[in-house]
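> Make a model of this:
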Amino acid sequence: MIFGSFLVIFSSYSQTDENNDPSSSDTLIITFDSIPELQIFIDAALANSPLLTLTDAEIKKIQEEIKLEKNNWQNLITLDANTKYGLYNQLIVNESTGGGDPDASLSNKTQLNYFAGITIKIPISEILGKKSRIKVLQSGIDQAELRRKALKREISAMIVDAYYLFKIKQETYVNFQEEFQAMNLAYLTAKRNVEKGLINIDEYSGIISKKTAAQTALTTSKYDLFAEYNKLLILSGLSKYVK
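Predicted coordinates for the structure are as follows:
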């Protein structure tokens, strides 16, 4: 079986022709042995998926909201402070010099009084409400993570389908290639034989028609293969044409 140099398709890393012409001199020749494994395309698709990126951003946003909700106690804390300057009644106690009971007298004194304090009020309803809000937010994370798992499965399955469809097109192209080579050899033989008079013109015309049909099938198969490969690159996020 002859293949190798006959399989010419574009690589997303070396495409320069905007018309996607496989005959361009800037294309990369890829043989059967150099096609990346399926897992490479799956990993690339998962890493490049906009839907997964969006889901991850949604999960991160909800996680930040939970963090803020857990730390949001400022509205339950109040700072109280007051000052007053004026006359205040004071009870002054002096020890008695005679060894008896101390003397006490009431006097007025001008002075500055002040106080400051922190009040923390934590109603039961606030605690229960906070737990409920956090629970709702966590439920949002759980749902987003389930969607992410489902998306990963869908993307992986899509890449598997695209990859093996490409492999089918690849093998079909090789089969058409061999068929064309056989028909081309038959054509060259018939051409010599008709020149020598060994076959008539009708037989020669029939062989030409078969060669033309084989060449058309080969060309169609080549571009089918090229299309499937580029679809695989697009789906996996490796194509430079779709970003």
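> Mind giving me the packing neighbours of the longest helix along the chain?
The longest helix of the chain (DSSP state H) is helix 124-196. Applying 3 or more CB pairs under 8 Å, 6 or more residues apart in numbering; DSSP states H and E, we find helix 124-196 packed against helix 38-48, helix 50-71, helix 201-235. Heads up, the C-betas are built off the backbone N, CA and C, glycines and all.
> avg pLDDT for the longest one?
Per-residue pLDDT values over helix 201-235 give a mean of 93.
> what angle sits between it and helix 124-196?
160 degrees (axes from the mean of the first three to the mean of the last three CA atoms, to 10 degrees).
> Buried residues in helix 201-235, which are they?
Within helix 201-235, the residues that qualify as buried are 204, 207, 210-211, 214-215, 217-218, 221-222, 224-226, 228-230, 232-233, 235, counting by 16 or more other CB atoms under 10 Å.
> so that helix versus helix 38-48, what angle?
Going by the same axes, to 10 degrees, helix 201-235 makes 50 degrees with helix 38-48.
> ok, now the second one?
Relative orientation of helix 50-71 versus helix 38-48 (the same axes, to 10 degrees): 50 degrees.
> and helix 50-71, what does it pack onto?
Applying 3+ CB pairs under 8 Å, 6+ apart, we find helix 50-71 packed against helix 124-196.
> one step back: I'd like to know which of the helices and strands packed on helix 124-196 is closest to residue 160.
With CB to CB as the criterion, residue 160 lies closest to helix 38-48 of those, at 6.7 Å.
> Not counting its own residues, what contacts that closest one?
Helix 38-48 has contacts (CB atoms under 8 Å, 6 or more residues apart in numbering) with 52, 152, 155-156, 158-160, 162-163, 232, 235-238.
> Quick check: buried residues in that helix?
The neighbour-count check on helix 38-48 (16+ other CB under 10 Å) flags 41-42, 44-46, 48 as buried.
> Also stretch 52-59?
Of the residues in stretch 52-59, those buried by neighbour count under the rule 16+ other CB under 10 Å are 52, 55, 58-59.
> One more: stretch 234-243?
For stretch 234-243, the neighbour count (16+ other CB under 10 Å) marks 235-239 as buried.
> ditto for stretch 192-199
Buried residues in stretch 192-199, counted by 16+ other CB under 10 Å: 194, 199.
> where's residue 134 relative to residue 197, distance?
Distance from residue 134 to residue 197, counting by CB to CB, to the nearest Å: 95 Å.
> Repeat that for residue 161.
Look at residue 161 and residue 197: by CB to CB, they are 55 Å apart.
> can you check residue 214 too?
26 Å.
> Likewise for residue 169?
Between residue 169 and residue 197 the distance is 43 Å, computed by CB to CB.
> Counting neighbours, what do you get for the residue nearest to residue 70 when sequence neighbours are not counted?
Spatial nearest neighbour of residue 70, chain neighbours left out: residue 134 (6.7 Å); criterion: CB to CB, 6 or more residues apart in numbering. Per other CB atoms under 10 Å, the neighbour tally for residue 134 reads 15.
> Also residue 49?
Neighbour count for residue 49, taken as other CB under 10 Å: 20.
> Kindly state the pLDDT recorded for it?
Predicted confidence (pLDDT) for residue 49: 93.
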